[in-house]
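[1] Sharing a model prediction with you, sequence too.
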Amino acid sequence: MDFSMENVTVFTHPLIQHKISILRDKRTGTNEFRALIEEIAMLMGFEALRDLPLQDVEVETPIETCMTPMIAGKKMAVVPILRAGLGMVNGILALVPSAKVGHIGLYRDEVTHEPHEYYCKLPSPIEQRTIVVTDPMLATGGSAAAAVDFIKQHGGRNIKFMAIIAAPEGLKRLREAHPDIQIYIGHLDRQLNDNAYICPGLGDAGDRIFGTK
Ligand code: PRP
Ligand code: URA
């Protein structure tokens, strides 16, 4: 059973927990790290997308014609927060290959830890879509809250935010800033340290996905 508070799902599935533990290990190299981020995103996405709307369509099987459900309407957009959120995109696209992909570029100031925007390009129109925002790390919550702000400014309404590891501080900030969105967390960690890194966390997700630093 996953543990949930209003609008928040924290996963307890053993496969997700096992894979997150391998991510945390500092000996896990870039190739494996990247593959695990994608796999975890897919496992989380399976649950996060359980409310996608369906409509019955006519299909001819080798036996007879029937009405059978398929995903309805304007479907989905995946919006990674650059850079690290990119690592989760293919996991979601494996589930919904027809989803459009937007990008929001944000980096955290090393001193203030506040986010700065450097890029924003979203699919248009976005109003009717289910929007899945991806970022492996929800630390202070500044980047996630800013990304959801941008999406709302562009008309996005049905927003889900997915992070693999969250700090309680970031989860609180995101929920307070955007009480109307659904939040999915792979594991809720203990706290932030003085540099606003998640403890125990996994270090710098972007650097570990892309092999930088
Ligand atoms: C990391 C991470 C989040 C953000 C989380 O990105 O991927 O986007 O920090 O921190 P916050 O919750 O305190 O805002 P970073 O700014 O390091 O950029 P990168 O993905 O390009 O490495
Ligand atoms: N960003 C990361 O990549 N890791 C953290 O622990 C905090 C922010």
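    Thanks, I have the structure now. Ligands and ions are numbered 1, 2, ... in the order given.
[2] Could I get the full set of strands for the protein?
    Per DSSP state E, the chain has strands spanning 3-5, 8-10, 54-60, 65-71, 76-82, 100-101, 103-108, 115-121, 130-134, 137-138, 158-166, 182-188, 191-192, 198-199. These are given in chain order.
[3] how about a markdown table for the ones you listed, with mean neighbour count, distance to residue 34 and mean pLDDT added?
    In short, each C-beta sits where N, CA and C put it, glycine included. Converted to a markdown table, these look like this (neighbours: other Cβ atoms under 10 Å; distance: least, Cβ to Cβ, whole Å; pLDDT from 0 to 100):
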| stretch | mean neighbour count | distance to residue 34 | mean pLDDT |
| --- | --- | --- | --- |
| strand 3-5 | 12 | 28 | 68 |
| strand 8-10 | 18 | 24 | 97 |
| strand 54-60 | 10 | 32 | 96 |
| strand 65-71 | 11 | 27 | 96 |
| strand 76-82 | 26 | 14 | 97 |
| strand 100-101 | 17 | 17 | 96 |
| strand 103-108 | 19 | 18 | 93 |
| strand 115-121 | 14 | 21 | 93 |
| strand 130-134 | 26 | 14 | 97 |
| strand 137-138 | 26 | 15 | 98 |
| strand 158-166 | 26 | 13 | 98 |
| strand 182-188 | 22 | 16 | 98 |
| strand 191-192 | 15 | 25 | 98 |
| strand 198-199 | 18 | 19 | 98 |
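[4] Chain neighbours aside, what residue packs nearest to residue 95?
    The spatially closest residue to residue 95, leaving aside those adjacent along the chain, is residue 45, at 5.1 Å (Cβ to Cβ, 6 or more residues apart in numbering).
[5] which residues sit in contact with whichever residue of the chain sits closest to ligand 1?
    Using Cβ to the nearest ligand atom, the closest approach of the chain to ligand 1 is made by residue 206 at 2.4 Å. By Cβ atoms under 8 Å, 6 or more residues apart in numbering, the contact set of residue 206 is 83, 84, 212.
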